[in-house]
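# sequence and predicted structure below; questions after.
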Amino acid sequence: MIPITTGCTYVEPAGGLYRHLSAIERETGVHLSLNMGFPPADIRDAGPSVTAYGETQAAADAAADALFSALLAAEREFAAHRPLPAAEAVAKAIRISASASRPVVLSDTQDNPGAGAPSNTTGLIAELLRQGAERTAVGILHDPAAAAAAHRSGTGGTLATLGGGGTGPGQAPLPGPWRVAALSDGRFRGTSPMLRAAETRMGPTALLAQDGVEVLVASIRQQPIHREVFTHIGVDLASRAIVALKSSAHFRAGFQEIAEQVIVCLAPGANLEDPGCFAFAKIRPSVRLRPAPG
């Protein structure tokens with residue numbers, strides 16, 4: 001099983017494997033697809049696979065074998081990816097951002113709603129506050145109650161707490177005061193290559209601030225795919241030192257090009273980054289639950 005965070009073509013070795021796929025297609029005329037798999041799917045056929053279409057069965061088989069062999073050869077590279085615990089990730093982001101000209105992006109992968117997580121955990125936000133992070137934007141926290149309270153309070157008002165503390169163990173609401181920095185109806189059109197020009201609807205949305213941390217709170221649960229998640233409500237990402245996103249991979253199309261560095265971090269959440277920690281019941285016994293280091 002390949003973790004969601006490393007199956008994305010914006011990182012290696014996945015990007016190189018897709019370039020290799022294109023080279024095999026040019027050489028053989030066979031049409032290929034490399035499917036990285038989706039670890040949260042507990043089905044028999046979960047895991048990476050290759051699909052090939054050729055003029056003959058032999059040609060399709062040979063091309064598929066070549067690509068799958070390259071995938072297996074890259075297993076150690078997949079295993080080399082090591083997400084950082086939240087405390088280490090935040091400390092590293094603060095250190096890098098001190099001399100960077102672009103924001104450091106933190107991926108709060110374990111609270112990624114695209115993989116079924118609730119997008120309402122507060123662990124990473126609490127760590128950013130604890131370490132005194134400055135010029136930091138976080139999103140998207142799914143908290144309809146806080147968004148509604150912010151709209152009732154109005155810009156400049158305050159909330160006593162933020163977040164219901166999520167649904168997992170060890171989570172707690174974040175004490176205030178949280179200042180209502182901006183409000184919106186949560187509607188905009190994004191420019192990310194993923195879902196370009198599609199209208200996004202987040203419901204009543206608020207930007208809540210405490211010390212150097214701003215948290216984008218929305219009423220409808222979704223990933224931060226577009227930079228417009230922040231810019232539509234007045235957040236200038238170029239002036240931010242750190243941008244923390246509740247997403248595993250989809251954010252990269254819109255955010256990686258503006259990032260000084262992307263750091264995948266491990267804060268509490270339901271979308272476990274390590275597939276080996278899932279209690280699978282239906283996948284084939286032959287499937288390794290995580291990439292082997294050697």
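Perfect, I can see it now. Numbering: from 1, shown residues only.
# touching the helix or strand that contains residue 52 from outside, list them.
Counting by DSSP states H and E, the element that carries residue 52 is strand 49-53. Here strand 49-53 makes contact (C-beta atoms under 8 Å, 6 or more residues apart in numbering) with 30-35, 37, 60-61, 63-64, 67-68, 71. The C-beta positions use only the backbone N, C-alpha and C, and glycine is treated the same way.
# could you give the separation of that strand from the chain centroid?
Computed by C-alpha atoms, centre = their mean, to the nearest Å, the separation of strand 49-53 from the middle of its chain amounts to 27 Å.
# and the helices in the stretch 151-294 of the chain?
Taking DSSP state H, counting those that start in this stretch to define them, one finds helices in the stretch 151-294 of the chain at 228-231, 252-255.
# just those helices: most buried one?
helix 252-255 (a mean of 22; mean count of other C-beta atoms under 10 Å).
# list the contacts of it.
Contacts of helix 252-255 (C-beta under 8 Å, 6+ apart): 8, 10-11, 105, 190-194, 224-227, 243, 245, 262.
# among those, name the ones in strands.
Among those, the members found in strands (DSSP state E) are 105, 243, 245, 262.
# follow-up on the earlier one: list the buried residues in the following helix or strand past the strand holding residue 52.
Downstream of strand 49-53, the next assigned helix or strand under DSSP H and E is helix 57-73. Neighbour-count burial for helix 57-73, counted by 16 or more other C-beta atoms under 10 Å, picks out 60, 62, 63, 64, 66, 67, 70, 71.
# buried subset of the contacts of helix 252-255?
8, 11, 105, 190, 192, 224, 225, 226, 227, 243, 245, 262.
# now, which of the residues you listed sits nearest residue 198?
Proximity of the buried ones among the contacts of helix 252-255 to residue 198 (C-beta to C-beta) peaks at residue 190, which lies at 6.5 Å.
# just checking, that closest one touches residue 222?
No - in this structure residue 190 lies outside contact range of residue 222 using C-beta atoms under 8 Å: 11.2 Å.
# so how far is the first residue of stretch 248-260 from its last?
This stretch, stretch 248-260, spans 17 Å end to end (C-alpha to C-alpha, to the nearest Å).
# quick check: mean pLDDT across it?
On average, the pLDDT along stretch 248-260 is 96.
# again, but for stretch 270-286
On average, stretch 270-286 scores 93.
# identify the residues contacting that stretch?
Contacts of stretch 270-286 (C-beta under 8 Å, 6+ apart): 1-5, 39-40, 42-47, 83, 109-112, 115-118, 167-168, 248, 264, 266, 289-290.
# of those, buried ones?
Among the contacts of stretch 270-286, those buried by neighbour count (16+ other C-beta under 10 Å) are 1-5, 39-40, 46-47, 83, 109-112, 115, 117-118, 168, 248, 264, 266, 290.
# hmm, back to that, list just the nearest of the contacts of helix 252-255 to residue 156.
The closest of those, once distances to residue 156 are taken by C-beta to C-beta, is residue 243, at 24.1 Å.
# quick one: the closest one from residue 268, how far?
20 Å (C-beta to C-beta, to the nearest Å).
# then residue 291?
23 Å.
# the closest residue to residue 188 other than its chain neighbours: how many residues sit nearby?
Nearest in space to residue 188, with sequence neighbours left out and distances taken as C-beta to C-beta, 6 or more residues apart in numbering, is residue 232 at 4.0 Å. Neighbourhood size, residue 232 [other C-beta atoms under 10 Å]: 21.
# swap in residue 176?
13.
# and residue 37, by the same measure?
Neighbours of residue 37 (other C-beta under 10 Å): 18.
# would you double-check that it falls in a strand?
No - secondary structure of residue 37 (DSSP: H, G, I helix; E, B strand; the rest coil): coil, not part of a strand.
# do I have it right that it meets residue 1?
Yes - with contact defined as C-beta under 8 Å, residue 37 reaches residue 1; the gap is 6.4 Å.
# hey, what's in contact with both of these two?
46, 47, 48.
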